[in-house]
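[1] Sequence plus the predicted model coming up.
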Amino acid sequence: MTVEVDIDPDILRQGLTKIRKRRWILWATILIYVPGLIIALEMEASSGTLGKLFAIWIILLCVAVGLATVVKCPGCGNTYHTNGPTFLPVRRCVHCGLHLNADKKN
Ligand SMILES: [Zn+2]
């Protein structure tokens, strides 16, 4: 699936930059889990504190997934990562196939 990119390059860049930021937040939230857990264990946090930290992490993850879910594709105006109930954090728009780095080709 290829896309004819006849969108304003500024709008395209802005839209894709936003998507890249949201993806970065999502991956950072997921990746912070292991070092966060190690730090908490090294600090000999009680199980109650660990439970609270885990709850905070779950909330952050929900927010990050939410932000990545609602972000719009600058090419077709649909949600970039979501097609109906399916959330796919792939590097292409699930509707029109616009690549995450489509603005960097030129
Ligand atoms: Zn699209």
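    Noted; the coordinates are in hand. Everything quoted here is computed from the prediction, not taken from an experiment.

[2] host element of the residue nearest the centre of the chain?
    Centroid-nearest residue in the chain: residue 23, 2.5 Å away (criterion: Cα atoms, centre = their mean). If you go by DSSP states H and E, residue 23 is part of helix 9-31.

[3] for this structure, what helix or strand is lowest in average pLDDT?
    The weakest-scoring helix or strand in the chain, judged by mean pLDDT, DSSP states H and E, is strand 86-87 (a mean of 90).

[4] now what about that strand, what contacts it?
    Strand 86-87 has contacts (Cβ atoms under 8 Å, 6 or more residues apart in numbering) with 65, 68, 69, 81, 94. To be clear about C-beta, it is placed using only N, CA and C from the backbone, and glycine gets the same treatment.

[5] Out of the residues you listed, grab the one that's most surrounded.
    With neighbours defined as other Cβ atoms under 10 Å, the most crowded of the contacts of strand 86-87 is residue 81; it has 25 neighbours.

[6] Now do that one against residue 60, distance only.
    Per Cβ to Cβ, to the nearest Å, residue 81 is found 18 Å from residue 60.

[7] How about residue 27?
    Applying Cβ to Cβ to residue 27 and residue 60 gives a distance of 12 Å.

[8] neighbour count winner among the two?
    Neighbours of residue 27 and residue 60, each counted by other Cβ under 10 Å, are more numerous for residue 60; the result is 16 against 12.
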